[in-house]
Structures are given as C-alpha cells and as structure tokens.
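> Here is a sequence with its predicted model. Questions after.
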Amino acid sequence: MRPIGFSSGALAYADFRRGVAMLLGKEIHFLELSALRENELDPLLDNLDELDLEQFRYVSIHAPSGFGPEREEAIVDRLAAAVLPRKWPVILHPDAVHNPDLWRRLGRFLCIENMDKRKPIGRTAEELAQVFDLFPEATLCFDIGHARQVDSTMTEAYLILTSFRKRLQQVHMSEVNTRSKHDPLSVTSILAFQDMADFIPPEIPIILETPVPEEQIMREIEKAAEALPVREFVAAS
C-alpha cells in the first residue's frame, strides 16, 4: 500500500495538538501539520518540540494561505528556522506570495500546491509553469481533488503530473466540492482518482485532507488506497 497519512487540520480544525493526538498509536506514519490560517502558525511553531512526532517518518508543514505583505518576511523567517534544520517541506499556495525572493530561501523545501478554481493562479499545468519559473528549486504538492474540480475529465491532472513529475513531493487527497471545501472520499472521486494512479510513484506520501471523525480514520485510509492502487508506474519518457 502507498504511504498514506493525514493533515492535522482536516482532523481537527485549527487544533494541531488534537489532530496529531488522533493519529497516535495508529499505523499511520505520514503527517502534515496545518497552519492554514495565519493565526495558527506561531502556536504551531512555538510548540513543535513538545509534539509527539516519533511515529511519523514524514512530516510537512502547510503554510498560511493568506497574509499581508507586511507579515510575509516574518512568516518566512519563522518557517525557515523551523523546517530547514528538520528538512521538512513547506506547502505553499502560490497566490499567497507577495515577494518571491523571500520564499526562495526555502530552496527545495518549498513545495507549491496546485490550486482550486477560486484562485487566480496555480490551477493548471500552464499556470504552474509560471510559478516554477519563479521558484526553480521548489517541489510540487499535487492536490488531486483541486485538479478534478478544475477539470473533471482529469486531463489537467494528467498534464500537471506529466509536466512536473520530477518535482512531485506529496499528494493532497480529498473530494473538493463546488464550494471548494474538502469532503471525505466518495465512490465517484475514488473512480476518478484511479485514472491517475499509474502516474504517481508508489513512494510519494499521500496526505488526506478529508474531515472525518477519529473512528473513521482507518476506513478513509483504505479508501485512499483504493483510489490510488499501486500498479505499474508510468516512468517519464
């Protein structure tokens, strides 16, 4: 089975401690610590050393999705101090960037996420190419739910994966509804995602952003494995 884990923010809105606690003791070794809202970042970073993360083989941090330009340098400073020594990826929405020069400090630990249809950039392979021109060392967080919402035929998902497969760092998975909210996986989303399974290397971590109660965590993991079965990976030509 693929390496599958959860976003702390999906499990416990704005409560990273609770989100992590819900995973402890389960056979889950992949974690994204969410600070999607700016006011969540400082408490998360201030308490990193107190979190019990021993069971996790892979950890990333989701940067805030919006902030003013006057706060950007301080946010990058704090993230760099936390993640560079730990070598954790920082997931970033490209539309949040005001000053690209600041974010280049993160180098290969900057991980750009493709966006949903609400956003002005980063939705398609063409738009992502413009973003990666600004951040040549950055990697990709492929949000398969966003890609399906933008193009339900999954053609754009295919284009993103084949264009940037060498940058692929992790995958976000959920069903993204018409209001751009994350939902648990449905039969239709599972079937759609299966079309992309052969284009995602089996070692890439899958991070679920599906809001489920603790008793449904392992079932959601099973659904994610069904959505991206490990078959023959289609290598780059």
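Received, thanks.
> the helices in the protein, which residues?
8-11, 16-21, 38-46, 69-86, 100-103, 125-134, 144-150, 155-164, 187-194, 217-227 (DSSP state H).
> For Asp116, which of those is the nearest?
Of all those, it is helix 144-150 that lies closest to Asp116, at 4.5 Å by C-beta to C-beta. Where you see a C-beta, it was placed from the backbone N, CA and C, and this is true even at glycine.
> and the closest one, what's its mean pLDDT?
For helix 144-150, mean pLDDT rounds to 97.
> Centre of the chain to it, how far?
Chain-centre distance of helix 144-150: 13 Å, with C-alpha atoms, centre = their mean, to the nearest Å.
> Equivalent analysis for stretch 218-233, please.
On C-alpha atoms, centre = their mean, the centre of stretch 218-233 falls 17 Å from the chain's centre.
> buried residues in it?
Neighbour counts using 16 or more other C-beta atoms under 10 Å place 220-221, 223-224, 226-228 of stretch 218-233 among the buried residues.
> what would those look like in TSV with pLDDT and distance to Gly5?
Formatted as TSV, the buried residues of stretch 218-233 follow (pLDDT from 0 to 100; distance: C-beta to C-beta, whole Å):
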residue	pLDDT	distance to Gly5
Glu220	97	11
Ile221	97	8
Lys223	97	14
Ala224	98	9
Glu226	98	16
Ala227	98	14
Leu228	97	13
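> which one of those sits closest to Thr153?
Ala227 (16.9 Å).
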